[in-house]
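Enquirer: I would like the atomic coordinates for the input below:
(one chain, ligands or ions: 1)
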Amino acid sequence: METVTAVAALRARLDEARCAGRRVGVVPTMGALHEGHASLVRRAAADCDEVVVTVFVNPLQFAAGEDLGAYPRTPAEDAELSARSGATVLFLPDEAEMYPDGRDGVLTSVAVPALAGVLEGASRPTHFAGVCVVVAKLFHAVGPCRAYFGEKDFQQLAIIRRMVRDLSFPVEVVGCPTSREPDGLARSSRNVYLDPDERAAAPVLHRALREGRALIAAGETDPAAVRAAMAAVVEASPSGELDYVAVVDPLTLAPVERAGPACRLLGAVRFGRARLIDNISADGSDGDRPG
Ligand code: PAF
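Expert: Predicted structure coming up:
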C-alpha cells in the first residue's frame, strides 16, 4: 500500500492505473478506523483493482463547539488496518491540501437541503453541506468508479446518493451494512468517548430500533405508536438522553404516514460526550445482526 498526501500525486498514480484498465474504488473516512471501516475496504477490494482509503478529519462538517479538536486521530493504526484489509493507496491530505484557501475560503456550496435539514440536520444544520463539499472534492481527486459508505450514517448515504445523481458524478455509490459489536452497538469512531457505564448502556439504541421493527412486523402501522415504543426503550435505560427516534421513507427521509416494512427506523441518543446514531430497516433486509 502506498501512502500519498498530495492531490496531484494521487491523480498521477490513479491515472496510470486507469490507463492500465484498473477499476478504482474509494472508501472515504475520517480515520480512527475500526472493523466497520475494514469491512468497507474488504468489500471495495473484492470489487475493484485499486482501493483508495482517504483519511481526512474534515473541519467543514463540524460546527463550532463540536468535537473537531477531540476527534480521535490514529494514523499509524489506520495505515495498518487499511493495508491489512486490502487498500492499495492511503490518501492522507492535510487541511492546506484539501482547502488551499483555508477552511473559510471555500466559497462554493454543495448541498442537498431537502434531505439535510431533518434528523441529524435538525441539530447539526451545517453538517451535511460540509460532508457534500469534501466528498465532492474527494471524488474529483480520486476519480473512483465506485465509492463505499456505511449504512450506519444512513442520512449521509442518502444525501451522497442524491448529490451523485443530481450532479451526474460518474460514481456508483455502494451502501454497506452497519458493523456491530456482539451486544448490538453500532461500531463508530466516537464510541471511544463512552465511559464503561455508558458503553454498557449504549446498545439500548439498537434494542429500541429492534422494538420498533418487531412492532411493525406484528402489524402496527401507526408511526407515532412505533416511535413511542422505541422512545420508551431508551427512556427506561439508566443512562442515555434521547435526541430523536424516527420512522421515515428511506429515499426522501420524510416521516411516513403509515409504518410498514419499507420504512427505515432511525435514532440518536446522547451518552455523556458521545452522541450515538443508529438505524435499521423495518423489514430486516439490511441483515442487521450483532457481532
Ligand atoms: O462518514 C465519514 O466518515 C465522513 O462524514 C466522510 C464521508 C468521510 C466525509 O468527511
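
Enquirer: The closest residue to the ligand within the stretch 151-291 of the chain: neighbour count?
Expert: Across the stretch 151-291 of the chain, the shortest distance to the ligand (C-beta to the nearest ligand atom) belongs to Asp153, at 5.1 Å. In this view, the C-beta of every residue, glycine as well, is placed from N, C-alpha and C. Burial of Asp153 is recorded as 19 neighbouring residues (other C-beta atoms under 10 Å).

Enquirer: Quick check: the gap between it and Glu16.
Expert: Distance, Asp153 to Glu16, using C-beta to C-beta, to the nearest Å: 32 Å.

Enquirer: try Gly143
Expert: From Gly143 to Glu16 the distance is 12 Å (C-beta to C-beta).

Enquirer: list the contacts for the residue of the stretch 151-291 of the chain closest to the ligand?
Expert: By C-beta atoms under 8 Å, 6 or more residues apart in numbering, Asp153 lies in contact with Ile277.

Enquirer: Need phi/psi at Val248.
Expert: Main-chain torsions, Val248, degrees, to the nearest 10: phi -130, psi 160.

Enquirer: Any regions of the stretch 151-291 of the chain where pLDDT drops low?
Expert: 289-291 (pLDDT under 70).

Enquirer: Show me where it has its strands.
Expert: With DSSP state E, counting those that start in this stretch as the criterion, the stretch 151-291 of the chain has strands at 172-176, 241-248, 264-271, 274-281.

Enquirer: The ligand contacts on the stretch 51-200 of the chain?
Expert: For the stretch 51-200 of the chain, the residues in contact with the ligand (C-beta under 6 Å from any ligand atom) are 58, 61, 131, 134-135, 153, 156.

Enquirer: now with 8 Å?
Expert: Listed as neighbours of the ligand in the stretch 51-200 of the chain under the rule C-beta under 8 Å from any ligand atom: 54, 56-58, 61, 130-131, 134-135, 138, 149-150, 153, 156, 160, 189.

Enquirer: Most neighbours among the residues you listed, please name it.
Expert: Neighbour max across these (other C-beta under 10 Å) = Thr54, 29 neighbours.

Enquirer: picking up where we left off before, Gly143 and Glu16: which has the busier surroundings?
Expert: Using other C-beta under 10 Å, the more surrounded residue of Gly143 and Glu16 is Gly143, with 17 against 11.

Enquirer: Quick check: closest non-adjacent residue to the more buried one.
Expert: Among residues not flanking Gly143 along the chain, Leu14 sits closest, at 6.0 Å (C-beta to C-beta, 6 or more residues apart in numbering).

Enquirer: Just the mean pLDDT for whatever helix or strand Thr54 lives in, thanks.
Expert: If you go by DSSP states H and E, Thr54 is part of strand 50-55. Averaging pLDDT along strand 50-55 yields 98.

Enquirer: How many residues are close by the closest residue to Arg210 other than its chain neighbours?
Expert: Using C-beta to C-beta, 6+ apart and skipping residues adjacent in sequence, the residue nearest Arg210 is Ile280, 6.9 Å away. Ile280 has 23 neighbours, counted by other C-beta under 10 Å.

Enquirer: beta partners of Ile280?
Expert: Leu265 (DSSP bridges).

Enquirer: who touches the nearest residue to Phe62 once chain neighbours are set aside in this structure?
Expert: Distance criterion C-beta to C-beta, 6+ apart; nearest residue to Phe62, sequence neighbours excluded, is Leu68 at 3.9 Å. If you count contacts by C-beta under 8 Å, 6+ apart, Leu68 has them with 57, 59, 62.

Enquirer: Quick one: classify Leu68 as helix, strand or coil.
Expert: Per DSSP: H, G, I helix; E, B strand; the rest coil, the secondary structure class of Leu68 is coil.

Enquirer: With Val57 as the reference, measure out to it.
Expert: 7 Å.

Enquirer: Who are the contact partners of Ser109?
Expert: 129, 133.

Enquirer: In three-state terms, label it for me.
Expert: coil.

Enquirer: partners of Val89 in the sheet?
Expert: According to DSSP bridges, beta-bridge pairing links Val89 with Glu2, Val52.
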